[in-house]
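# coordinates only, sequence not included:
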């Protein structure tokens, strides 16, 4: 299978020339090793997935660094955390940039070590699964915003997929873009490897079968507000264990917790995050939607469509070098309507903030949508010092269009 160019390559190359160390993080199988070996093919490559090399680095890190000096690539570096202090020493000793390219599949663990040892010396780059743009080999690389300017720019290179449900079901891992790879076998192996390696290294989970059941329960709740008690009751564990296990899924890049938008004027807003799987193919596998056809008409089609849209928007920011955690949120709460003063529950699936402007987004898998589905957008008008920008419904409509003033309908493949 031909290499699929990654949107973040330009940022990685630029960072390598302006920082002494770059750290590429992301979930297992997102293509970190493949990308760095391709981008930095002239650098020595060392993987700590090799038990012999891992042991050498742990037993005598000073000698290991002497034998493997920069410029060098250290892959799966989270396995040898003692090495970070020696990397720091090397960075301080030399004036050159591009000394170390580090990668690893446990972002939070790695960031902890980076913040302690390499602050100011390393730049962190997150490599997500393949975006729809990358799958379609579309070079467009601007972060998504529901504006006319974005749509005009996007339309210049837009490529519409033949079957969006095929892409949602197949998932975003690069290896699965090879049609010869069996979908079920790949994900069965992925879950087994993840449980036996990442889960065990991140926490002392006694029973991996219990954790597997937990993963299924969480996958069934993608797109929902996180409810620890509900999950605990289903699998027969206490809430403390569930909170710990959720943190494991988050730390290893399996899920993303979307934080609620907070403002003092939105007094009835829910303060709990929403839970999303990073990869729709993995969520479909765990919940046993085994074909694109059954998924498209199944009970979880709406939730997985929403999960796909949120994931694509996050990728558009991450691939542009923007930390989406500071600009993407959601809203749900009870607010009094202007007409009759009755409290109604309102929800905005996604809010993107840029330069003090709030862009509300609704996500619907239908091809036909109406402006009535955006009534909750007016909640944002209450927030002082913020302006409500153009809103949109992202859906399966064939073409972009205006539903009413300041509200657009945008096809999902325009993300």
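Everything's here; your move. All values derive from a computational prediction rather than experimental measurement.
# alpha carbons only for contacts and neighbour counts from here, please
Fine.
# Quick check: buried residues in the helix or strand harbouring residue 15?
Taking DSSP states H and E as the criterion, residue 15 maps to helix 9-18. By 16 or more other CA atoms under 10 Å, the buried positions in helix 9-18 come out as 9, 12, 15, 16.
# what's the closest of these to residue 104?
The closest of the buried residues of helix 9-18 to residue 104 turns out to be residue 12 (CA to CA; 14.8 Å).
# count of neighbours near the closest residue to the closest one other than its chain neighbours?
Leaving aside its sequence neighbours, residue 12 sits nearest to residue 125 (CA to CA, 6 or more residues apart in numbering; 7.2 Å). Neighbours of residue 125 under the rule other CA atoms under 10 Å: 22.
# and residue 125, backbone torsions?
With angles defined as degrees, to the nearest 10, residue 125 sits at phi -120, psi 130.
# how close does it sit to residue 72?
17 Å (CA to CA, to the nearest Å).
# and residue 34, how many neighbours?
13.
# Could you do residue 29 as well?
17.
# try residue 66
Around residue 66 there are 9 residues (other CA under 10 Å).
# and if you look at residue 389?
22.
# Does it touch residue 359 like I think?
Yes. Residue 389 lies in contact with residue 359 (CA atoms under 8 Å); the separation is 4.9 Å.
# Just the terminal-to-terminal distance for stretch 149-158.
Using CA to CA, the two ends of stretch 149-158 sit 14 Å apart.
# Just list the residues touching residue 214, thanks.
Residue 214 sits next to 231, 235 when contact means CA atoms under 8 Å, 6 or more residues apart in numbering.
# What pairs with the longest strand seen in the chain, parallel or antiparallel?
Ranked by residue count under DSSP state E, the longest strand found in the chain is strand 343-354. Paired neighbours of strand 343-354 in the sheet (DSSP bridges): strand 328-336 (antiparallel), strand 357-363 (antiparallel).
# For the shortest one, give the mean pLDDT please.
It stands for strand 357-363. Mean pLDDT, strand 357-363: 97.
# Please state the offset of it from the chain centre?
Put simply, strand 357-363 sits 19 Å off its chain's centre (CA atoms, centre = their mean, to the nearest Å).
# and if you look at stretch 42-57?
Taking mean C-alpha positions (CA atoms, centre = their mean), stretch 42-57 and its chain are 27 Å apart.
# Which positions within it qualify as buried?
43, 45, 46, 47, 48, 54, 57.
# so of these, which ones are in strands?
45, 46, 47.
# what does stretch 13-28 rub up against?
Contacts for stretch 13-28 (CA under 8 Å, 6+ apart): 12, 32, 39, 91, 96-107, 121-128, 194, 252-254.
# Sort out for me which of these are in strands.
Among the contacts of stretch 13-28, the ones falling in strands (DSSP E) are 100, 101, 102, 103, 104, 122, 123, 124, 125, 126.
# circling back: the strands paired with strand 343-354 into JSON lines, with extra columns for distance to residue 170?
Output for the strands paired with strand 343-354, formatted as JSON lines (distance: least, CA to CA, whole Å):
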{"stretch": "strand 328-336", "distance to residue 170": "26"}
{"stretch": "strand 357-363", "distance to residue 170": "21"}
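# mind checking which of these is nearest residue 296?
That would be, of the strands paired with strand 343-354 and by CA to CA, strand 357-363, which comes in at 15.4 Å.
# for the residue lying closest to residue 71 once chain neighbours are set aside, what are its contacts?
Nearest residue to residue 71, sequence neighbours excluded (CA to CA, 6+ apart): residue 99, at 4.4 Å. Contacts for residue 99 (CA under 8 Å, 6+ apart) come out as 20, 21, 70, 71, 72, 91.
# Just confirm residue 73 is within a helix.
No. Going by DSSP: H, G, I helix; E, B strand; the rest coil, the assignment for residue 73 is strand, not a helix.
# Tell me the bridge partners for it.
Once the bridges are assigned, which here means DSSP bridges, residue 73 pairs with residue 45, residue 101.
# count of residues packed around it?
If we define neighbours as other CA under 10 Å, then residue 73 has 26 of them.
# Would you confirm that it contacts residue 98?
No. Contact between residue 73 and residue 98 fails when scored by CA under 8 Å: they sit 10.1 Å apart.
# picking up where we left off before, now do the buried residues in the longest strand of the chain.
346, 347, 348, 349, 350, 351, 352, 353.
# before we move on, what about stretch 82-102?
Here stretch 82-102 shows 82-85, 87-88, 90-91, 97-102 as buried, counting by 16+ other CA under 10 Å.
# Could you do stretch 183-190 as well?
Here stretch 183-190 shows 183, 184, 187 as buried, counting by 16+ other CA under 10 Å.
# and this structure, what are its domains?
If you go by automatic domain parsing, the domain ranges for the chain are 9-126, 138-414.
# In CSV: those, plus distance to residue 2.
CSV is the format used below for these (distance: least, CA to CA, whole Å):
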stretch, distance to residue 2
domain 9-126, 12
domain 138-414, 9
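# Can you check which of the ones you listed gets nearest to residue 132?
domain 138-414 (7.1 Å).
# Can you give the distance from the closest one to the centre of its chain?
With CA atoms, centre = their mean, you get 9 Å for domain 138-414.
# That one spans what distance, first to last residue?
11 Å.
# can you check stretch 369-388 too?
Stretch 369-388 has an end-to-end distance of 21 Å (CA to CA).
# distance of residue 248 from residue 30?
Residue 248 is 18 Å from residue 30, by CA to CA.
# State the helix or strand in which residue 366 lies.
Using DSSP H and E, no helix or strand contains residue 366.
# make that residue 24, sorry
Counting by DSSP H and E, residue 24 is found in strand 21-25.
# So which bits of stretch 390-407 are buried?
Across stretch 390-407, burial judged by 16+ other CA under 10 Å covers 390, 391, 392, 393, 394, 395, 396, 397, 400, 403, 407.
# and the closest residue to the third one other than its chain neighbours, how many neighbours?
Going back to what we said before, that points to residue 392. Leaving aside its sequence neighbours, residue 392 sits nearest to residue 408 (CA to CA, 6+ apart; 4.5 Å). If you count neighbours by other CA under 10 Å, residue 408 ends up with 22.
# what do you get for residue 24?
Quick note: residue 24 (other CA under 10 Å) scores 24 neighbours.
# Now do residue 123 against residue 101, distance only.
Applying CA to CA to residue 123 and residue 101 gives a distance of 10 Å.
# List of residues touching stretch 317-330?
7-8, 11, 125-128, 141-144, 258-261, 314, 347-354.
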